[in-house]
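S.K.: I'd like to go over a predicted model; first the sequence, then the structure.
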Amino acid sequence: MARPNSLAGHVDSHVLPAWLWICRILLIITLTAKLVGIATDAPVLIQMDSLTGLSNKTIVLLAAYVESALLMMSLFPTLRWHFVYALNSFGLVILAYRLWSFDTRPSCPCLGGIFHWSESFTKYEDRLLTSLAAWFLISGMACLFKPHQQ
Amino acid sequence: MMRFPHRAIALAIGIAAISGVFLLAVWPVLHGRIEMGGDEGIEAAKAILLLKHPTLISQTWNDQPWTHSLAVAMLSRASGISPVLLMRLMTLMCVVAVCLQILSQPGLFFSRTARMISVFLILSWPGIQHLFLAGMLEVPATFLAWSGILLASRSAGPNRGSALVGGGLLLGLATSLKLTALIWLPAAMLAVLLPARGASDSADARACFGGALKFLAGVLCGVAPLLASTVHAGSGLLGLIGAHAAGLSSDEVTDESSFSLGLILDAPVHFLGAMLLPVFAVRPFGPLVWTTYAALAAAVVAHCLHRPFWWYYELHFAIPTALMVGLLIDALQQTRLLRRTATEELASAAVFHPLAILLTALWIGFYLQPLNKEIRMIASATRVRDSGIIRLIEKHKNALNWGYSRNPIYLAYSQVPVPPELAVLAKKRFWAGHISEEAVLKTVQAYEPSVVVVSKGLETENAAWLHYLSEKYTLTAQDPLVMLYFKKDLGVPELTDTKAMLEKLGM
């Protein structure tokens, strides 16, 4: 599986699998939050997204669809590099969406409103999701461009 | 290859050029925005009172030393520059000086990356950027104090004694500006007393003790302006401390603002760095590691005990935690360089890059939006030249004796003095029962100021105020926040004619 510009050697055998597992866990958490939000008809999902004009529910459904596809892709070793590219793209789109909606708050509650169970944490939802998107993007890029270890 | 012979000159020209461009970029804000921080008006009112009626300052309630106001008044008198601009320049100079000190002081950090990250994180703490351009006391006091601590933590070299005295002097000066700078004293003493990095463990106790004495001598010299200004103001040291502690026990303080550890979630990069530093720091810990932890502990204890916790006190956490992140980067880089075994190499690869990526992602998520908000707020702050209120006061300034405003920044641009009893109308003064709304009105009635700027929703909701204003004053202008009244005997036209007047003024 080693590519010319991929993680190699022992780093390849330890860091990359660990990163994959972290990605899977994060995707499972966000996907579950979205599905629970949709199943329980969370009130925030009825509202319209201020940037796209679509309903929050539509956006959450789209994101849940992509996340489930990513999760399945991550389970197949033969699709590993496709997963890295796809995760990069997903991170880039979400990050762009979140940064773009800086001035049109509030943006989509993509954790399905679980933060609304505790009002004091509501303000962190958007920041947390932006961080997550940035992490997907940067860590995925690092996997692609990390040079050979000596 | 020949070494460039005039490297120092080139560096100086480079720094001057960058400073020039930077100053040009921030000049419109320093010079042209009405208000950058909530307490600017109060600080300006104190300085203007010293300029216009220096003998009356003994009647002023002031919970902070007069040093800053005295310095601003003296510089303004000597240079002719407006007090507001001087205050802002002083703040900016303190910030720039400490950033340059972190970037250049030998022995503080192992790598240049760590220095740059520390400075970057100090400047990017969420929601405080406008304070770096504001004429308030908190920023110059905190940055001066940290300049002193960093100077005192200089570990070795022939000028160690001078560094200790200089460090103490800076910390003392910071305390002379604002009493809250005293919270850094324990951390500073730790920086002085801990053995220097690279020095042998058997460092002479007498030398340490001598160093501490030098540092304390510097502190004593630094607090001399505080004592002198307190005596000059006639309040005495006990009076100053009493005013500073006023209102601490009132119910409003408890309800309004208290410190919460939820602050950690507002700046996760800083606090994650602080939490991880002991895990990765090279042992034995250097003096700066201990000093930053002592400073963080002091800030937490001080703000748990001392209320209210104003939001700008977050600055007290920004500097030590930003330095800790720098020290963490330092420690990780040292570990990478020193790795000897395959396990160490793996640990290094498994920690350094993932941690750097995590911190970067958290910074993007938690800091970028507040930073964007701050930049927009600074850029869109009302300009002095766009304020009809300020332009009208400026037009009539020669006929004005006193002025009153809950936010005296409107009067500061024309240097109209506020009655000494009303120069500092801080919330804690009301909480402490030292003054009441009725007493404010009575004082205004006693002075009969030529110009009154009342806040909408405050004085305008008070029937006694409205009655007094309608009897003695003419409403001349208003904006969404305030209403401008001139005394009737000045003959200033009423609001209905103000439009024509503003057109005359070219607005």
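M.R.: Great, that's in hand.
S.K.: Let me know the helix or strand that the closest residue to chain A within chain B is in.
M.R.: Going by C-beta to the nearest C-beta, chain A is nearest to residue B:365 of chain B, at 2.8 Å. From N, CA and C alone the C-beta is placed, and that goes for glycine too. Residue B:365 belongs to helix B:342-380 when assigned by DSSP states H and E.
S.K.: Report the buried residues of that helix.
M.R.: Under the neighbour-count criterion of 16 or more other C-beta atoms under 10 Å in any protein chain shown, helix B:342-380 has B:345-346, B:348-355, B:357-371, B:373-374, B:378 buried.
S.K.: In a strand, residue B:486, correct?
M.R.: Yes: assessed with DSSP: H, G, I helix; E, B strand; the rest coil, residue B:486 lies in a strand.
S.K.: residues contacting it?
M.R.: B:396, B:450-452, B:473-474, B:476, B:492 (C-beta atoms under 8 Å, 6 or more residues apart in numbering or on different chains).
S.K.: at 7 Å what do you get?
M.R.: The neighbourhood of residue B:486, defined by C-beta atoms under 7 Å, 6 or more residues apart in numbering or on different chains, consists of B:396, B:450-451, B:473-474, B:476, B:492.
S.K.: element containing the closest residue to residue B:479 other than its chain neighbours, please.
M.R.: Excluding the flanking residues, the one nearest residue B:479 by C-beta to C-beta, 6 or more residues apart in numbering or on different chains is residue B:389, at 6.0 Å. Per DSSP H and E, residue B:389 falls inside helix B:388-395.
S.K.: Tell me the buried residues in that helix?
M.R.: In helix B:388-395, counting by 16+ other C-beta under 10 Å, buried: B:388-393.
S.K.: which residues in chain A form helices?
M.R.: Here chain A has its helices, by DSSP state H, at A:9-39, A:56-74, A:80-100, A:122-145.
S.K.: follow-up on the earlier one: isn't the residue nearest to residue B:479 right up against residue B:476?
M.R.: No: applying C-beta atoms under 7 Å as the test, residue B:389 and residue B:476 come out as separate, 8.7 Å apart.
S.K.: so what sits against both of the two?
M.R.: With C-beta under 7 Å, 6+ apart, residue B:389 and residue B:476 have common neighbours residue B:484.
S.K.: tell me the pLDDT at the residue of chain A at minimum distance from chain B?
M.R.: Residue of chain A nearest chain B, by C-beta to the nearest C-beta: residue A:131 (2.8 Å). Looking at residue A:131, its pLDDT is 94.
S.K.: Equivalent analysis for residue B:408, please.
M.R.: Confidence score, pLDDT, at residue B:408: 92.
S.K.: OK, contacts around the residue nearest the centre of chain A?
M.R.: What sits nearest the mean C-alpha location of chain A, by C-alpha atoms, centre = their mean, is residue A:133, with 5.2 Å. With contact set as C-beta under 7 Å, 6+ apart, residue A:133 has these partners: A:91, A:94-95, A:98.
S.K.: cool, and residue B:365?
M.R.: Going by C-beta under 7 Å, 6+ apart, residue B:365 touches A:127-128, A:130-131, A:134.
S.K.: what do you get if the cut-off is 6 Å, keeping everything else the same?
M.R.: A:127, A:130-131, A:134 (C-beta atoms under 6 Å, 6 or more residues apart in numbering or on different chains).
S.K.: got it, and residue B:483?
M.R.: residue B:454.
S.K.: That one belongs to a helix?
M.R.: No: counting by three-state DSSP, residue B:483 falls outside a helix, being strand.
S.K.: on that earlier part again, so which two of the contacts of residue B:486 are the farthest from each other?
M.R.: B:396 and B:473 (13.0 Å; C-beta to C-beta).
S.K.: Measure how buried residue 82 is and give me the count.
M.R.: Just so you know, I chose chain A. Using other C-beta atoms under 10 Å in any protein chain shown, residue A:82 has 13 neighbouring residues.
S.K.: Not quite, go with chain B.
M.R.: Neighbours of residue B:82 using other C-beta under 10 Å come to 20.
S.K.: what do you get for residue B:210?
M.R.: 13.
S.K.: tell me which element it is part of?
M.R.: helix B:205-222.
S.K.: same for that helix, what does it pack against?
M.R.: Packing partners of helix B:205-222 (3 or more C-beta pairs under 6 Å, 6 or more residues apart in numbering or on different chains; DSSP states H and E): helix B:160-177, helix B:185-193.
S.K.: for the first one, what is the average pLDDT?
M.R.: What it means is helix B:160-177. The model assigns helix B:160-177 a mean pLDDT of 92.
S.K.: What are the buried residues along that helix?
M.R.: Buried, per 16+ other C-beta under 10 Å, within helix B:160-177: B:160, B:163-177.
S.K.: same question, stretch A:24-33
M.R.: Buried residues in stretch A:24-33 (16+ other C-beta under 10 Å): A:27, A:30-31, A:33.
S.K.: Give the rounded mean pLDDT of that stretch.
M.R.: On average, stretch A:24-33 scores 92.
S.K.: sorry, back to before: got the helices and strands packed on helix B:205-222 as a markdown table, with distance to residue B:125 columns?
M.R.: Below are these laid out as a markdown table (distance: least, C-beta to C-beta, whole Å):
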| stretch | distance to residue B:125 |
| --- | --- |
| helix B:160-177 | 19 |
| helix B:185-193 | 18 |
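S.K.: Can you add distance to chain A and give those helices back as CSV?
M.R.: Output for the helices and strands packed on helix B:205-222, formatted as CSV (distance: least, C-beta to the nearest C-beta, whole Å):
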stretch, distance to chain A
helix B:160-177, 33
helix B:185-193, 30
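S.K.: Residue B:423 is nearest to which of these?
M.R.: helix B:160-177 (17.5 Å).
S.K.: The residue of chain A closest to chain B contacts residue B:360, correct?
M.R.: No: if you go by C-beta atoms under 6 Å, residue A:131 and residue B:360 don't touch, sitting 9.4 Å apart.
S.K.: Can you tell me the closest non-neighbouring residue to the residue of chain B closest to chain A?
M.R.: Closest to residue B:365 by C-beta to C-beta, 6+ apart is residue A:131, at 2.8 Å.
S.K.: Need the per-residue pLDDT for the closest residue to residue B:34 other than its chain neighbours.
M.R.: What sits nearest to residue B:34 in space, not counting adjacent residues and going by C-beta to C-beta, 6+ apart, is residue B:382, at 5.0 Å. On the pLDDT scale, residue B:382 is placed at 87.
S.K.: Around residue B:382, count how many other residues there are.
M.R.: Residue B:382: 16 neighbours (other C-beta under 10 Å).
S.K.: Show me the subset of the contacts of residue A:133 that also lies near chain B.
M.R.: Among these, not one lies near chain B by C-beta under 6 Å from any C-beta of the partner chain.
S.K.: so can I have a markdown table of those showing neighbour count, pLDDT and distance to residue B:129?
M.R.: Listed next are those as a markdown table, based on neighbours: other C-beta atoms under 10 Å in any protein chain shown; pLDDT from 0 to 100; distance: C-beta to C-beta, whole Å:
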| residue | neighbour count | pLDDT | distance to residue B:129 |
| --- | --- | --- | --- |
| A:91 | 21 | 93 | 27 |
| A:94 | 21 | 90 | 26 |
| A:95 | 23 | 91 | 22 |
| A:98 | 25 | 85 | 21 |
